[in-house]
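Colleague: dropping the sequence and predicted coords here.
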Amino acid sequence: MFPTVREVLALDPVRHGAPRLIAGEAGLDRPVRWVHVAEVPDIATLLRGGELVLTTGIGLPADDAGLRVFIGALADVGVSGLVVELGRRYVTGVPRVMAAAAERRGLPLVELRRATPFVRVTEAVHALIVDAQLTELRATEEIHQRFTELSVEGAGPAEVVRQAAELSGCPVVLENLSRQVLAYDPAGESAELLLDGWEQHSRRISPAGRTAYDSDSGWLVTTVGARGQDWGRLLLRWPGGGELTTPAPVPDGVPDPETGRVGPMPGGPPTRLTILVERAASALALGRLIRRDAEGLERQIHRTLLTALLDHSRPVDEVALRARALGVVLERRHLVGVVVRYRADEPAAEVGSPGESGQVDPEAGPARLRDLSEAVGQALGEAKLTGLSSAIDDQAVGVLLALPDAAAEERALAAFAAALRRNRMDAAPARPPDAAPARPGTSVPGATPARPGASVPGAGSARTGTTVPGATPARTGTTAAGAGSTRPGGTGPAAPAVLGAPPHPRSAGSGAPPPLLRTAGPAAVIVAAGSGVGSLREARRSLVEARQVADAARRDRRELPIFRLPHVGLAGLLHLLRDEPRLQTFVERELGALLAYDARHPREQLLGTLRAYLEQGRNKSAGAAAAHLSRPAFYERLARIARILDVDLDSVEACISLHVALLALDAVRTP
């Protein structure tokens with residue numbers, strides 16, 4: 001805020017006096033707090049320190065000892081410098097003893113070799129000081145205004161840190177209590193140099209107080225937190241000290257304006273930077289309170305980095321750097337993309353019967369996604385695996401595993417899947433054997449899902465229609481709890497059914513519709529893994545493959561611990577190609593006429609009839625049962641489909657083509 005002695009000597013009124021530095025060059029960078037004119041030898045008792053003393057010397061002692069005492073008193077009180085105008089007392093120059101004493105004490109001693117009106121010097125210096133104070137005040141006002149706007153707008157940590165770096169022109173880092181970097185802005189410097197070995201470097205920065213400057217490292221530090229719960233630190237590296245620059249040595253100090261104690265020359269940052277980091281920390285703490293129920297900052301950074309890999313929104317090197325600062329090393333690792341998602345897109349509703357509290361809870365979707373994300377994070381911790389993990393869309397949680405080598409891939413995936421299943425089963429109570437099924441579209445964990453319209457013997461159908469004994473289970477629908485379903489292949493009994501809520505009181509023996517349950521069990525979750533890759537630049541391919549496999553596996557009736565690309569077969573291949581225009585053209589060519597007919601006759605929906613026929617292996621009796629139609633009605637519909645599509649439904653080749661088109665249509669319609 002204050003000009004230095006060097007800057008004062010460069011002012012025009014001072015240069016008019018032909019100044020010449022006689023001694024104390026080391027103190028030229030001292031700040032000048034005020035300019036004082038004095039002609040008495042005992043002026044030191046009236047000063048507070050930081051003054052530039054102007055004198056003609058007419059009242060100074062005549063003996064050498066008196067001059068030494070005079071210089072010593074000025075140095076002890078902490079004046080910035082002494083300017084002597086020649087001509088009245090000293091004609092050719094100041095006494096040598098005076099110059100020697102000033103040099104010994106590091107006090108700048110300046111001669112003015114021409115007559116100089118002191119009033120012009122004081123006016124110029126004081127105007128400079130007032131301008132600096134006004135500039136500081138304006139900068140402080142801008143800081144308050146900027147961070148108030150950020151707080152009102154609910155800006156995220158990255159934006160707050162960016163604004164702090166922009167206003168200060170200095171690198172800024174936000175870290176948690178474990179010294180992991182949550183956000184940073186290098187302010188034009190090298191991010192790699194800034195964050196290299198950050199944890200070790202940060203632990204050496206430990207100034208006293210909630211907001212303080214560590215002169216050894218050059219970092220201004222403030223604690224971030226609110227309501228007695230601190231969760232991080234905000235650090236700003238000031239180029240005026242520390243490792244960046246070495247300030248000129250100052251032999252003598254200036255007195256503290258509050259206590260009057262003489263200490264070393266302050267080398268810390270200006271007051272406005274202290275205000276800046278404290279206001280930024282307040283904005284961060286307020287934002288944290290507002291987002292108390294949202295993801296933690298670490299998880300937000302994980303999501304940012306995973307999204308950057310999927311969208312190419314950030315350079316790969318920057319992703320690696322930020323992940324390393326967060327404690328996740330991605331360089332020179334075997335990387336595997338994993339996606340965990342629910343089989344059903346729609347969130348479960350509040351517990352209750354339809355028509356009462358069976359309305360879909362708008363918070364259920366985000367809540368269950370947070371639950372799944374937390375379960376994935378716990379599974380990573382239990383399996384002792386490292387990597388990035390966060391929600392990547394509204395239905396799925398993505399993980400980028402960082403393994404030491406390719407040999408550890410299968411073992412790591414198996415450990416992760418087992419830990420995830422344990423976490424989800426521990427979080428949900430066992431469902432009573434007589435509990436009613438969930439609403440249509442929700443599968444019972446451990447039971448084989450059923451095709452549309454099909455029902456399990458002994459259980460009431462969830463859809464309108466009749467129960468057909470012996471009907472083959474199909475892709476989607478509901479199954480009855482307690483039914484003796486087996487895993488694919490009939491190798492043994494299904495796993496115990498697990499759901500997240502007890503049956504509604506009205507559902508037992510009252511004929512009331514089944515309750516709507518808040519959560520589904522472990523079998524409702526799919527874990528898919530992509531191919532392992534050897535570099536971060538290939539990680540996107542593994543993540544995209546895992547996401548596509550997870551989407552394709554939703555129609556798979558098996559309950560595999562991990563789905564990989566070979567497991568999803570033709571449906572998986574079609575899902576991978578769902579954005580291919582030629583596949584979409586094929587679907588329109590094969591099924592377009594039937595889809596158009598169904599659009600004009602919504603009550604008939606012949607596409608479902610064709611699906612039932614093809615999924616039952618062209619067995620018309622089984623197809624009629626699956627479609628809940630009488631045989632004559634089913635045969636009549638098949639004949640109508642054949643006319644509309646102009647195909648022979650008894651032809652194996654034609655039916656294969658139609659079945660592939662149906663699978664492709666499902667893939668195209670899957671988000």
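Modeller: Received, thanks.
Colleague: where does pLDDT dip in this structure?
Modeller: 1, 227, 240-268, 290-297, 345-364, 425-523, 576, 670-671 (pLDDT under 70).
Colleague: let's go with 50 and repeat that
Modeller: The chain contains residues with pLDDT under 50 at 241-266, 293-294, 348-358, 427-522.
Colleague: and the helix of greatest length in it, what does it pack against?
Modeller: Assignment by DSSP state H gives helix 118-153 as the longest helix of the chain. Helix 118-153 sits against helix 5-9, helix 12-15, strand 34-37, strand 51-55, helix 157-168, helix 271-290, with contacts defined as 3 or more Cβ pairs under 8 Å, 6 or more residues apart in numbering; DSSP states H and E. For glycine as for every other residue, the C-beta is placed from the backbone atoms N, C-alpha and C.
Colleague: tell me which of those is the most buried.
Modeller: Neighbour counts (mean count of other Cβ atoms under 10 Å) averaged over each of the helices and strands packed on helix 118-153 peak at strand 51-55, with a mean of 23.
Colleague: elements contacting it?
Modeller: Counting by 3+ Cβ pairs under 8 Å, 6+ apart, strand 51-55 packs on strand 34-37, strand 81-85, helix 118-153.
Colleague: using CSV, list the CA coordinates for it.
Modeller: Output in CSV follows, covering the C-alpha atoms of strand 51-55 (Å, rounded to 0.1, in the frame of the first residue of the first chain):
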residue,chain,number,x,y,z
GLU,A,51,8.6,8.0,8.3
LEU,A,52,10.9,9.6,5.8
VAL,A,53,12.6,12.4,7.6
LEU,A,54,13.5,15.6,5.7
THR,A,55,16.0,18.1,7.3
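Colleague: which residues in the stretch 251-400 of the chain form strands?
Modeller: Remark: strands assigned in the stretch 251-400 of the chain by DSSP state E, counting those that start in this stretch are 254-255, 262-263, 334-342, 387-391, 396-403.
Colleague: looking at those strands, which is closest to residue 525?
Modeller: Of all the strands of the stretch 251-400 of the chain, strand 334-342 sits nearest to residue 525, with 6.0 Å by Cβ to Cβ.
Colleague: tell me what the closest one is packed against?
Modeller: With contacts defined as 3+ Cβ pairs under 8 Å, 6+ apart, the packing partners of strand 334-342 are helix 364-382, strand 396-403, helix 409-427, strand 525-529, helix 539-553.
Colleague: in TSV: these, plus mean neighbour count and distance to residue 643.
Modeller: Shown next, in TSV, are those (neighbours: other Cβ atoms under 10 Å; distance: least, Cβ to Cβ, whole Å):
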stretch	mean neighbour count	distance to residue 643
helix 364-382	18	43
strand 396-403	25	42
helix 409-427	18	49
strand 525-529	25	39
helix 539-553	24	33
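Colleague: in TSV: the ones you listed, plus distance to residue 25.
Modeller: As requested, the helices and strands packed on strand 334-342 are arranged in TSV below (distance: least, Cβ to Cβ, whole Å):
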stretch	distance to residue 25
helix 364-382	61
strand 396-403	56
helix 409-427	65
strand 525-529	69
helix 539-553	58
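Colleague: figure out which of those is closest to residue 104.
Modeller: Put simply, out of those the one that sits nearest residue 104 is strand 396-403, at 62.0 Å, with distance taken as Cβ to Cβ.
Colleague: from the contact counts, what lies against that closest one?
Modeller: helix 297-311, strand 334-342, helix 364-382, strand 387-391, helix 409-427, helix 539-553.
Colleague: nearest to residue 211 among those would be which one?
Modeller: Each of those was scored for nearness to residue 211 using Cβ to Cβ, and the closest is helix 297-311 (20.5 Å).
Colleague: and that closest one, how far out from the chain's middle?
Modeller: With Cα atoms, centre = their mean, to the nearest Å as the basis, helix 297-311 stands 6 Å off its chain's centre.
Colleague: what does that helix rub up against?
Modeller: Taking contacts as Cβ atoms under 8 Å, 6 or more residues apart in numbering, the residues outside helix 297-311 that touch it are 156-158, 176, 180, 182-183, 232, 288, 295, 313-314, 316, 318-319, 322-323, 326, 373, 377, 388-392, 398, 400, 536, 539-540, 543-544.
Colleague: phi, psi of the closest residue to residue 33 other than its chain neighbours?
Modeller: With Cβ to Cβ, 6 or more residues apart in numbering as the measure, residue 50 is the residue that lies nearest to residue 33, at 3.2 Å, once sequence neighbours are left out. In terms of degrees, to the nearest 10, the main-chain angles of residue 50 are phi 90, psi 0.
Colleague: ditto for residue 181
Modeller: For residue 181, the backbone dihedrals (degrees, to the nearest 10) come out as phi -80, psi 120.
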